[in-house]
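Undergrad: A structural model of the following input is requested.
(one chain, ligands or ions: 1)
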Amino acid sequence: MLLPIFCLLAQASAQKQLDWWETTVFYQIYPRSFKDSNGDGIGDLNGITSQLEYLKELGIGATWLSPIFKSPMYDFGYDISDFYAIQDEYGTMEDFGNLLAKAKELDIKIILDFVPNHGSNESVWFEEALKGHEKYYDYFMWEDGVVDENGNLQPPNNWVSVFRKSAWEYREEVGKYYLHQFVIGQPDLNYRNPVVVEEMKNVIRFWLDKGVAGFRVDAINHLFEVDKELFGGKYPDEPRTGDEDPDSYGYVDHIYTRDQDETYDMVYQWRDVLDEYKASDGFTRVMMTEAYASPQLTMRYFGEGDRLGSQMPFNFALISNVNGKSSANEIKYAIDQFLTFKPVDKLANWVAGNHDQSRVASRYSPELVDGMNMIVLLLPGIAVTYMGEEIGMVDGFVSWEDTVDPSGCNTDDPINYVQSSRDPERTPFQWSADKNAGFSTADKTWLPVADGYETLNVEVQRNTDRSHLNVYKSLVQLRGELAFTHGRYESVALNSDVFAFRRWYNGENYVVVVNFREEQFTVDLTYFENVVGDLEVTVSNIQSPKAKGTIVQADRLEIFGSESLVLKVK
Ligand code: NOJ
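TA: Okay, the predicted model is just below:
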C-alpha cells in the first residue's frame, strides 16, 4: 500500500528540470549609454564590468549587449566594419576578456549582438569590393541602375530603406548600386554567396570561442532578398501600399526584401553551430532573434520539422500591438497571441522595451511601470528587460541639434523628428543624482541625460522602500517560485480596464491584477478557480496604498487607479 502513495508524492515533486536560459531574466545593455569609465561621455566595456554587481543585485542571470564591434557609428554600432574587433571607444579585447571573467565570477551570461544582415561601407570587405576584389565584391548586393527618360541614372527599383529614401546607393568605382536596407553605411550582405555564409558562421565561432553564451540576432527578417533569377535577373519593384511618400518605408509592401523563406534555414544553420558547442561541453548557447513579424512568421524561427532554430524569437506584442491607452481586452489579446501560436514545447518570451522603442513609462505611463514589469516578469516564459525599465526611466528630450540617430536625422524635419528618433530611449543610464546622473564625468555626454534624473535614479530607489527598483527585485525573486517557473496560466479582462492573470502550481496560487486606467474599480477575482477568501498582497506598485502583507478579499477587491498587485491565495 505504501508504494503507490510514495510514487504519487515523488511524481508531484519531480518538476521538469529547466535549463539556465529558461528561467533567467535577460537584461539588455546599450553599451554607449550604460556607464562611462574613462570620462569621454560614451559608455564602455570597463563601465559595464564595473556595474555587473548591479545586475547581480537585480537578480539578472544574463545580459545582451548591443554591438560593441568596430564601427564608424553611422547607426551606433549596427554598422560593423570589423566583426572580429572591439570598437576603440568601447575598449579593447582585453577589456572584453575582463568583462567575461567578472561575469563568470558572478554567474552572469554574456550575450552579444550578431548583426548578420549588413556590414559597413567603411569595412575592409567593402573597400576591397570597390577595388574590384572579386571575393569581397560578391559579399554585397550589387545591381545596375536604370536610365530614365531624361537620360539620368536612377536606382534599380523602388525599394526603400527602413531609414527612408532609396535602399540603393551608387558607387562610381564599380558603376553599380549596392543595396542597404538600413543606412547608406550599412551595405547588405549577400547570403546567396556560400562564402558569406561561412564567414558569418566564423564570426559566431570567434565569439563563442571567447566564451559568450549566445547571440541576439539583429534584423533577421531582412536577411534574404527574393532570388532575382526568378525575375529574369533583375530585382522587381515591390508593390505600392498607397502611402504617398516615396521616401517612406511604408511606401511599398516589402514582399521581396523581408521574411523570405531562405531566412529560416539560415537561422537553423546557426543553431547547428551553437549546438556543436553544446555537444562538446553540455552548455546551451542561445539565440534571441529580432524580427518584427506576424505571430505565424515569428514561430518559424523556433524551428521546423527536425530543425531547431532560435530559442527566443522576440515577442514584440507588448511593444507593437498595445500601449497605455489599450483596453484590458486588447492587452489580453496581445498576450494570448504568442501563447496561442507558439509550439507547445517552446517557451514564450516577453519584451516591453529596447533601444529602438520609446520607454515603458512614456509609452504606457509612469504609473504602469511596475504593472508592466509584473506582466513581463510573471507571465509564463522568459523575461527580457531593457536597461532602465527597472527604475522606470522615461524618454529623454533630445533637441533637433543634439539628435544623432539616423532614423531621426533622416526625417530632415526639425519639428516632427521626435516621432522617428530613437535617441530619447537611449539617453544615459541614471545611476545617481551626481553629474550626468553618475553615468560619466565628461562635460558633455554623447546624448543629454534625461530631465528628472536627480530623483529618478538607482541610488535614490535603492534607498526608498517603495521604489520601482525594489518592486523589480521582488518580482525577479518571486519569479523563482514554482508557480512561475513551472506553473500554469490563465488570464481575463475583468472589465475593459483591468487585466488579471493567475499562475499556479500544485498548492501555490497567485493572481496578478493590473488596472490600466486612472479610475477605481471593485473587481471579483473568484472568476479564477481556487481563488476565494483571503488573498495576501505579495507585491504592489509604488502608488498602491496596499503594503506587502495586506489582506484583501477575492470576491471584492477594490483596485485603485493605475494600481497593480501580485496577490497570493492564502
Ligand atoms: C535593429 C536594431 O535594433 C536597430 O537599432 C538597428 O538600427 C537596425 N536593426 C539595423 O541594424
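Undergrad: helix, strand or coil for residue 275?
TA: Following DSSP: H, G, I helix; E, B strand; the rest coil, residue 275 is assigned to helix.
Undergrad: out of everything not next to it in sequence, what's closest to it?
TA: Nearest residue to residue 275, sequence neighbours excluded (CB to CB, 6 or more residues apart in numbering): residue 308, at 7.1 Å. C-beta here means a position set from N, CA and C on the backbone, and glycine is covered the same way.
Undergrad: let me see the contact set for the one you found.
TA: 268, 271, 272, 275, 302 (CB atoms under 8 Å, 6 or more residues apart in numbering).
Undergrad: and for the nearest residue to residue 537 once chain neighbours are set aside, the neighbour number?
TA: Leaving aside its sequence neighbours, residue 537 sits nearest to residue 550 (CB to CB, 6+ apart; 4.4 Å). By the measure other CB atoms under 10 Å, the count of residues near residue 550 is 15.
Undergrad: look up how far residue 513 lies from residue 550.
TA: Plainly put, residue 550 is 13 Å away from residue 513 if you go by CB to CB, to the nearest Å.
Undergrad: residue contacts, the residue in the chain that the ligand sits nearest to?
TA: In the chain, the residue found nearest to the ligand is residue 78; the distance is 3.3 Å by CB to the nearest ligand atom. When contacts are counted by CB under 8 Å, 6+ apart, residue 78 touches 66, 67, 71, 113, 115, 118, 182, 186, 218.
Undergrad: do you know the pLDDT at it?
TA: pLDDT for residue 78: 98.
Undergrad: can you tell me the element it falls in?
TA: Under DSSP states H and E, no helix or strand contains residue 78.
Undergrad: before we move on, what about residue 297?
TA: Take DSSP H and E as the rule and residue 297 turns out to sit in helix 295-300.
Undergrad: show me where the stretch 401-550 of the chain has strands.
TA: Remark: strands assigned in the stretch 401-550 of the chain by DSSP state E, counting those that start in this stretch are 488-493, 498-505, 508-515, 521-523, 534-540.
Undergrad: ok, the closest residue to residue 258 other than its chain neighbours - how many residues close by?
TA: Sequence neighbours aside, residue 221 is the residue nearest to residue 258 in space, at 5.1 Å (criterion: CB to CB, 6+ apart). Using other CB under 10 Å, the number of residues around residue 221 comes to 22.
Undergrad: next: residue 135.
TA: 12.
Undergrad: in terms of helices and strands, where is the nearest residue to residue 130 once chain neighbours are set aside?
TA: If the residues on either side of it in the chain are set aside, residue 130 comes closest to residue 173, at 4.2 Å by CB to CB, 6+ apart. Using DSSP H and E, residue 173 maps to neither a helix nor a strand.
Undergrad: quick check: phi and psi at residue 173.
TA: Here is the backbone geometry of residue 173 (degrees, to the nearest 10): phi -50, psi -40.
Undergrad: again with residue 240
TA: The phi/psi pair for residue 240 (degrees, to the nearest 10) is phi -70, psi 150.
Undergrad: who's in contact with it?
TA: Counting by CB under 8 Å, 6+ apart, the residues that residue 240 touches are 158, 251, 252, 253.
Undergrad: cool, residue 528 as well?
TA: 490, 492, 500, 502, 511.
Undergrad: and residue 2, what pLDDT?
TA: The per-residue pLDDT reported for residue 2 equals 48.
Undergrad: so who does the residue nearest to residue 537 touch?
TA: By CB under 8 Å, 6+ apart, the contact set of residue 550 is 536, 537, 540.
Undergrad: are any of these buried, and which?
TA: With neighbours counted by 16 or more other CB atoms under 10 Å, these contain buried members at 537, 540.
Undergrad: tabulate the contacts of residue 550 (JSON lines), appending pLDDT and distance to residue 242.
TA: Below are these laid out as JSON lines (pLDDT from 0 to 100; distance: CB to CB, whole Å):
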{"residue": "536", "pLDDT": "98", "distance to residue 242": "54"}
{"residue": "537", "pLDDT": "98", "distance to residue 242": "51"}
{"residue": "540", "pLDDT": "98", "distance to residue 242": "47"}
